[in-house]
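Engineer: Give me the fold of what follows.
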Amino acid sequence: MHPIERLRYVARAGVVPVAPLVRESAVALSSFADDPKGLLTSCRRLLARRSDCGPLVWLAARMLAAMDPRSEARRVVSELDADTTGRELQRGLDSLPAGSSVLAVGELDAFAAALHDRPDLRYLEPDDPEAAVAADLVLVTCDCAGPAYGLVGAEAVPVAEEAHRWGTPVWLITGAGRVLPGPMWDLLSARHRPDDPPMRGLAVLDLDRLVTRVATPSGLRTPAEAARLSDCPVVPELFAP
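Structural biologist: Sure, this is the predicted structure:
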């Protein structure tokens, strides 16, 4: 497939898990590794259509900031494949007493294994209106976050609000590349439009107020700590008009 066609295919992809989306994007963008202007233009076009995916911002920023964009793309994919967030989440869940009730909101995908390793926990159905009240812990998945806010499924916001009302801890499950430093989040979120196809069904969650911990590859962190630990470079030109 021609590089431009591959890039268009990736940009127009519907609901796709993060790992294959980033992997395909890395291949497409690597075709422009020897053309800095073409790489920047391609990254901008990709993010114009997929502003909901933090790891795509992470990939694009790292490639643009690298001396060897092609090698950097391979490193990003390798780090994504080796993501240890599931293991860190599992360690956090190990602190819960047997019989605790857990409510998970959003697609767990690769992180579901962490729950499977605790069959002694009681898992609540997210469509149960009383679930947020009965839960001892609420888990919310997120593909893009900053120091104070994150993009989540719209259904997660009222659940987190209810959990906060009852004093129930809320953990945000992120992962490699999903938490951006403050300046990058601000630039990206300025482009979020509710009517954009990737944004439909998503909402902004106030992390400072509603989230207790963020599950990251380096453990359970506060939202501000998670953003400070981000290795995404600040590349303002990625979002220039």
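Engineer: secondary structure element for residue 44?
Structural biologist: Following DSSP states H and E, one finds residue 44 within helix 36-49.
Engineer: Please spell out which residues along whichever helix or strand comes after that helix are buried.
Structural biologist: Downstream of helix 36-49, the next assigned helix or strand under DSSP H and E is helix 54-65. Residues 54-64 are the ones in helix 54-65 that count as buried (16 or more other C-beta atoms under 10 Å). All C-beta spots, glycine's among them, are computed from the backbone N, C-alpha and C.
Engineer: what does helix 54-65 rub up against?
Structural biologist: Outside helix 54-65, the residues that touch it by C-beta atoms under 8 Å, 6 or more residues apart in numbering are 18, 21-22, 25-26, 29, 33, 39-40, 43, 46-47, 50, 69, 72-73, 75-76, 80, 143-145, 174-180, 184, 188, 231-235, 237-238.
Engineer: helices or strands up against the helix or strand just after it?
Structural biologist: Going down the chain from helix 54-65, the next helix or strand is helix 69-81, by DSSP H and E. With contacts taken as 3 or more C-beta pairs under 8 Å, 6 or more residues apart in numbering; DSSP states H and E, helix 69-81 sits against helix 18-30, helix 54-65.
Engineer: Tell me the gap between the last one and the middle of its chain.
Structural biologist: Between the mean C-alpha point of helix 54-65 and the mean C-alpha point of its chain there is a distance of 13 Å (C-alpha atoms, centre = their mean, to the nearest Å).
Engineer: could you give the angle of that helix to helix 18-30?
Structural biologist: Orientation of helix 54-65 against helix 18-30 (axes from the mean of the first three to the mean of the last three C-alpha atoms, to 10 degrees) gives an angle of 30 degrees.
Engineer: about what we covered before: so for the helix holding residue 44, what's the average pLDDT?
Structural biologist: Across helix 36-49, the average pLDDT comes to 91.
Engineer: Name the residues of it that are buried.
Structural biologist: Neighbour-count burial for helix 36-49, counted by 16+ other C-beta under 10 Å, picks out 39-40, 42-43, 46-47, 49.
Engineer: What of stretch 110-119?
Structural biologist: For stretch 110-119, burial by neighbour count (16+ other C-beta under 10 Å) applies to 111, 114-115, 118.
Engineer: angle of the helix holding residue 44 against helix 69-81?
Structural biologist: Going by the same axes, to 10 degrees, helix 36-49 is angled at 30 degrees with respect to helix 69-81.
Engineer: how far out from the middle of the chain is helix 36-49?
Structural biologist: Taking the mean of its C-alpha atoms, helix 36-49 sits 20 Å from the chain's own mean (C-alpha atoms, centre = their mean).
Engineer: Kind regards, and thank you for your time.
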